[in-house]
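1. following is a predicted model, sequence given first.
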Amino acid sequence: MLQAIYPNFILHKQWDMPEAFNEGLAAIAMDEAAAHRIKKDDNPRNLGNRSNHFGHVRHNMLEDYKTDPHVRQLLKMVRAAIAEFLFSAHGYAFDGEILASAETFYQRGDRGENLGIFTHSHRKSDFVVTYYPLVEVDPEFSRDQLRSGALRFYDPAGVGQRLWPNNNPQVHCGSWFQVIPRTGSMVVFEGHVPHDSSYFEGARRVCIPVQCDLVLPNSQVKTRIGGAHGL
C-alpha cells in the first residue's frame, strides 16, 4: 500500500463577484495600505522598512472594517473556502469559529512598485487565504512566469529535485507550483507552506492575505498569564 505522508494542498478558487464588490474592497485595501505605510523605521510594529512599497506597519484591517459590507462578504468567502479545503483535502466537515487577521498590499507599476515578495511562511497561522480584488495587467507587459506576479509554493522536502521522472498526474512535482492570480482569485493554503510571489509587470494589483486560526473541538484550552509581571 502506498501511503502519502503529510501532503500539502493548494486551493485556487475564482470568484465571479460583482464588479462593485471588487471595486469597493480594493478601495478599502488601497486606503488601508496607504494609512499604514512605514513613516518611522524604528516603529516596533514595522514589517519591513521604507526602502520598498511592501514596508508597512503590521495592522489588522478587520479592526477598522469588520462591519463594512465588503469586508463581511470577504470573510464569508474566506470561511467557505477554508471549509471547502478541509473537506476536499481531508474529508473534515468544519463548522467552528475562525480567528482572523487581514493585511493589505497595493502595487502600482507607474511608481515602480513591481517587486515580488521573498520566500516566507506563516507558521503560526493554520491557514492563509489571499484574495485579489484588483489585478490590472497592461497588454504590452510580458506574462511569462517570472514577471506575472505569480504566487509560488515550495515543498521543503525538495521533491522536485529527484532525478527520476514523475508520471503520476495526481501529484505535482516540480521546482515550484504557481498560481497566476487575476481579479477575483482566491488562494487557500496552510500557513507552514513556503511561498513567495514573482515580479509583477502590470499596472495595478491589490491583494488581501487573511491569516486564519481555527477554533477546533480538540484545541487545547489555554490560560492567559499576562505580561512580564505575571498573572
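-> Now that the structure is in, tell me what you want to look at.
2. in the chain, where's the longest strand?
-> With secondary structure taken from DSSP state E, the chain has its longest strand at strand 204-215.
3. packing partners for that one?
-> helix 19-35, helix 69-90, strand 97-102, strand 105-108, strand 127-136 (3 or more C-beta pairs under 8 Å, 6 or more residues apart in numbering; DSSP states H and E). Every residue, glycine included, has its C-beta placed from N, CA and C.
4. same thing but 6 Å
-> Strand 204-215 sits against helix 19-35, strand 97-102, strand 105-108, strand 127-136, with contacts defined as 3 or more C-beta pairs under 6 Å, 6 or more residues apart in numbering; DSSP states H and E.
5. how far does it sit from its chain's centre?
-> Centre-to-centre, strand 204-215 and its host chain are 5 Å apart (C-alpha atoms, centre = their mean, to the nearest Å).
6. what about this structure, any weak spots by pLDDT?
-> Along the chain, the model assigns pLDDT under 70 to residues 3-6, 138-145, 159-160, 227-231.
7. let's go with 50 and repeat that
-> Within the chain, no stretch has pLDDT under 50.
8. what's opposite residue 134 in the beta bridge?
-> Per DSSP bridges, the residues bridged to residue 134 are residue 206.
9. thought it was touching residue 27?
-> No: assessed by C-beta atoms under 6 Å, residue 134 is found out of contact with residue 27, at 9.1 Å.
10. re the thing from before, pick the most buried one from the helices and strands packed on strand 204-215.
-> strand 127-136 (a mean of 23; mean count of other C-beta atoms under 10 Å).
11. by how many degrees do it and helix 69-90 diverge?
-> 130 degrees (axes from the mean of the first three to the mean of the last three C-alpha atoms, to 10 degrees).
12. next secondary structure after strand 127-136?
-> From strand 127-136 onward toward the C-terminus, using DSSP states H and E, the following helix or strand is strand 151-153.
13. what sits against residue 31?
-> Contacts for residue 31 (C-beta atoms under 6 Å, 6 or more residues apart in numbering) come out as none.
14. go with 10 Å
-> 61, 64, 65, 104, 106 (C-beta atoms under 10 Å, 6 or more residues apart in numbering).
15. do residue 212 as well
-> Listed by C-beta under 10 Å, 6+ apart, the contact set of residue 212 reads 75, 78-79, 81-82, 98-102, 122, 125-129, 188, 191.
16. residue 135 now?
-> 22, 26, 107, 148-149, 180-185, 200, 202-207.
17. neighbours of residue 91, how many?
-> Residue 91 has 7 neighbours, counted by other C-beta atoms under 10 Å.
18. which residue, other than its chain neighbours, is closest to residue 59?
-> Spatial nearest neighbour of residue 59, chain neighbours left out: residue 36 (4.6 Å); criterion: C-beta to C-beta, 6 or more residues apart in numbering.
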